[in-house]
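Asker: below: sequence and its predicted model.
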Amino acid sequence: MAYEPRIASALSGATRGQLAYWRRQKLLVPEVSATRPVLYSFRDLIALRTFVYLREERPLQTIRRALDKLREIGETDHLSRYRLVAQGRRSIALVQDAGDGAVDLVEKPGQQLTVIKLGDMLRAFPLGEIEIPSLAHPRRRISVNPSVRRGYPVVAGTRVAFDLVAGLVRDGVPPEAVKEYYPGVTAAAARDAASFADYVDQAPERTAA
């Protein structure tokens with residue numbers, strides 16, 4: 001499965017400028033393709049959402065230090081495998097498998113910590129004045145499932161890509177009439193597809209670092 005930057009941005013909350021900057025800085029290089037066409041994996045999306053969530057509370061340099069420490073202690077798996085949380089006033093912690101403790105990666109590397117806050121990267125979370133949607137359901141009737149159309153957003157319960165439905169609505173087809181083209185797509189699902197398409201196209205650009 002692969003996601004172009006436009007979709008990766010919408011599903012992760014990172015701006016396209018941030019995606020490009022993080023690629024150049026080798027902070028998160030897409031595992032499918034880092035050159036044109038740039039393509040991100042589903043695992044990349046999870047890692048990107050972690051970056052975005054942490055970036056709201058920690059400077060980029062702190063995130064970089066945490067990633068460097070991960071490598072120093074021999075943790076070299078894909079970043080989506082790790083649960084990183086903002087801890088205390090300045091630190092970032094790696095949540096342990098048991099889920100009831102964590103290891104400091106920045107202020108006192110290696111020190112055992114008690115987890116105070118954990119953002120679930122698959123759920124919706126606030127980012128400034130907007131809300132980054134749930135990864136599995138960016139809209140109630142829109143689904144992102146790695147086993148369906150390689151993870152491309154579709155109308156839930158179907159294999160119909162969201163942008164095909166949104167295109168019909170934008171061309172003037174009433175949501176109630178979309179089922180004439182795609183029988184499995186309800187009017188409510190058509191409205192959700194159009195809403196998500198608007199979000200993809202209009203997601204605000206923020207600072208690219």
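Answerer: That came through fine.
Asker: could you pull out the strands for this protein?
Answerer: Assigned by DSSP state E, the strands in the chain fall at 84-87, 91-95, 102-104, 112-113, 125-127, 130-132, 142-143, 154-155.
Asker: comparing the ones you listed by mean pLDDT, which bottoms out?
Answerer: Of all these, the minimum mean pLDDT falls on strand 112-113 (a mean of 60).
Asker: and the residue of the chain most remote from its centre, how far is that from residue 67?
Answerer: Most distant from the centre of the chain: residue 180, at 32.9 Å, with distances by C-alpha atoms, centre = their mean. According to C-beta to C-beta, to the nearest Å, residue 180 stands 50 Å off from residue 67. C-beta: built from backbone N, CA, C; applies to glycine.
Asker: do the same with residue 12
Answerer: From residue 12 to residue 67 the distance is 17 Å (C-beta to C-beta).
Asker: and the residue nearest to residue 121 when sequence neighbours are not counted, how far from residue 137?
Answerer: Leaving out its chain neighbours, the residue that sits closest to residue 121 by C-beta to C-beta, 6 or more residues apart in numbering is residue 49, at 4.3 Å. Residue 49 sits at a distance of 14 Å from residue 137 (criterion: C-beta to C-beta).
Asker: these two: who's more crowded?
Answerer: residue 49 (23 against 18; other C-beta atoms under 10 Å).
Asker: how about that one, what does it touch?
Answerer: Residues near residue 49 by C-beta atoms under 8 Å, 6 or more residues apart in numbering: 11-13, 121-122, 132, 135.
Asker: same thing but at 10 Å, please
Answerer: 11-14, 80, 119-123, 125, 132, 135 (C-beta atoms under 10 Å, 6 or more residues apart in numbering).
Asker: the residues you listed, buried ones only, as a ChimeraX selection?
Answerer: Only the buried entries of the contacts of residue 49 go into this ChimeraX selection, using 16 or more other C-beta atoms under 10 Å:
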select :11,12,13,14,80,119,121,125,132,135
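Asker: mark which of the contacts of residue 49 are part of helices, please.
Answerer: Secondary structure from DSSP state H places 11-12 of the contacts of residue 49 in helices.
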